[in-house]
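*Asks:* take this sequence and fold it.
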Amino acid sequence: MSVLMEFAIFPTDKGESVSAYVARVLRVIRESGHPHQLTAMGTIVETETMAEATELLNRAYAALAEDCNRVYAAAKFDVRAGPPGRLEAKVRAVEEKIGL
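*Replies:* So this is what the prediction gives:
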C-alpha cells in the first residue's frame with residue numbers, strides 16, 4: 001500500500017513568520033525516515049499505511065503543542081493499493097507526458 005499525505009501544520013499565535021516552527025515539523029518528518037517533499041504550501045509524505053501517516057501527523061502536532069496555544073492543520077490523503085514510490089512516480093508520469 002502507498003499512502004500519500006499532503007499536509008500543512010503551523011501555529012497561528014506566533015506572529016507573521018512561522019518558518020522556525022515549520023522547521024521543527026520538518027525535523028520530525030526527516031527523523032521518521034519516510035520519503036517527503038517540502039513545498040511552499042505544505043509537505044508531502046509517503047508512508048506504507050494510514051496508521052503511519054496519522055502517527056506522523058500526531059508527532060508533528062506534538063512538536064508544536066509544547067509551546068503553541070493554537071495550531072492550524074490541514075491534511076489530504078491519497079491511498080492506493082500497490083507498491084510505494086508514488087511520491088516521485090506521479091510527478092515523473094506527468095513530466096513524461098509533457099516532454100520533460
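
*Asks:* now do the helices in this protein.
*Replies:* Along the chain, the stretches classed as helices by DSSP state H are 19-32, 50-65, 86-97.

*Asks:* could you dump those into CSV and include mean pLDDT, distance to G42 and mean neighbour count?
*Replies:* To be clear about C-beta, it is placed using only N, CA and C from the backbone, and glycine gets the same treatment. Below are the helices of the chain laid out as CSV (pLDDT from 0 to 100; distance: least, Cβ to Cβ, whole Å; neighbours: other Cβ atoms under 10 Å):
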stretch, mean pLDDT, distance to G42, mean neighbour count
helix 19-32, 98, 9, 15
helix 50-65, 98, 11, 16
helix 86-97, 93, 13, 12
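
*Asks:* next, format those as JSON lines and append distance to A74.
*Replies:* Rendered in JSON lines, the data for these read as follows (distance: least, Cβ to Cβ, whole Å):
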{"stretch": "helix 19-32", "distance to A74": "13"}
{"stretch": "helix 50-65", "distance to A74": "10"}
{"stretch": "helix 86-97", "distance to A74": "19"}
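
*Asks:* name the nearest residue to L87, ignoring sequence neighbours.
*Replies:* Of all residues not flanking L87 in the chain, E46 sits nearest, at 4.2 Å (Cβ to Cβ, 6 or more residues apart in numbering).

*Asks:* that neighbour is in contact with V3, isn't it?
*Replies:* Yes - in this structure, E46 is within contact of V3 by Cβ atoms under 8 Å, at 6.8 Å.

*Asks:* next up, phi/psi of the residue lying farthest from the centre of the chain, please.
*Replies:* Most distant residue from the mean C-alpha position of the chain: G99, 28.0 Å away (Cα atoms, centre = their mean). In terms of degrees, to the nearest 10, the main-chain angles of G99 are phi 80, psi 30.

*Asks:* how close does it get to M41?
*Replies:* Counting by Cβ to Cβ, to the nearest Å, the separation of G99 from M41 is 26 Å.
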